[in-house]
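A.B. asks: I need the structure of the sequence given here:
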Amino acid sequence: MSILIRNVTPADLDGVCAVENAGFPPAEGATRAAFQYRISAFPQWFLVAEDAGQVVGLLNGPSTGKRFLCDELYEPGGADEGGDALAILGLAVLPAYRKQGIAARLMEEYIARARAAGKRRIVLTCKEGLIPYYEKFGYQNRGVSASIHGGVVWYDMELIL
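C.D. replies: So this is what the prediction gives:
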C-alpha cells in the first residue's frame, strides 16, 4: 500500500463524503454541502489520504482568529484566512485503513504545513477517549468545550506551534 497525502480537489467530493460517513455518526458528520464549501473555501487546509486513486482518509479545517473551535466554524462562511490559528473540523480514515498510521501522517503533514505558513496554533475538539491520541502530537487538553456540535461533550485541544 502506497498512501499519498495531498490537497483535496473538487473531484474528491464523493470520496470525502464516504470517509466522513464511515467515521462520524450523522449528527456529528459534515454534509455534502458542507464539504462543497470547505473544498472551495480552504483547499490548502483540506488534506486527503489516497490509495490507488481512492480517498481513504481526510483532515480539514479553516484558519481562524478564535481562541478555540466554535460551532460557527462548521458553517459556510466561518473561515478566517487572516487568523493565526487553524481549527481542525474533522480527521477520519476508512475502517479498512485504520490502525496503519494514516491519521498520524495526515496530522503530521497538517502540522508541518501550519508551521510553514506561520500559524501560531492548531485547535480542535474531541471526545474524552481521544484526548490521549491528540496529546501524542503535542496537543494540550484545555477542558470541556463550549461546542454543542452533534449534541456531544467535546474537549478543547490546543497545539502551540
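
A.B. asks: partner strands of whichever strand or helix holds residue 48, parallel or antiparallel?
C.D. replies: If you go by DSSP states H and E, residue 48 is part of strand 46-51. When pairing is defined by DSSP bridges, strand 46-51 lines up against strand 3-7 (antiparallel), strand 54-60 (antiparallel).

A.B. asks: which of those is buried the deepest?
C.D. replies: Stretch with highest mean neighbour count among the strands paired with strand 46-51: strand 54-60 (a mean of 24; mean count of other CB atoms under 10 Å). (Each C-beta comes from the backbone N, C-alpha and C, glycine too.)

A.B. asks: any idea which helix or strand comes after it?
C.D. replies: Next in sequence after strand 54-60, counting helices and strands by DSSP H and E, comes strand 63-64.

A.B. asks: From the rest of the structure, what touches the helix or strand following that next one?
C.D. replies: Downstream of strand 63-64, the first helix or strand assigned by DSSP H and E is strand 85-88. Strand 85-88 is contacted by residues 45, 59-66, 69, 73, 110, 114, 119-124 when judged by CB atoms under 8 Å, 6 or more residues apart in numbering.

A.B. asks: still on that earlier bit, need the strands paired with strand 46-51 in a markdown table (columns: distance to residue 97 and mean pLDDT).
C.D. replies: Formatted as a markdown table, those follow (distance: least, CB to CB, whole Å; pLDDT from 0 to 100):
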| stretch | distance to residue 97 | mean pLDDT |
| --- | --- | --- |
| strand 3-7 | 8 | 97 |
| strand 54-60 | 5 | 97 |
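
A.B. asks: Quick one: closest of the ones you listed to residue 16.
C.D. replies: Nearest to residue 16 among those is strand 54-60; the distance by CB to CB comes to 5.2 Å.

A.B. asks: Report the distance from the closest one to the chain centre.
C.D. replies: 10 Å (CA atoms, centre = their mean, to the nearest Å).
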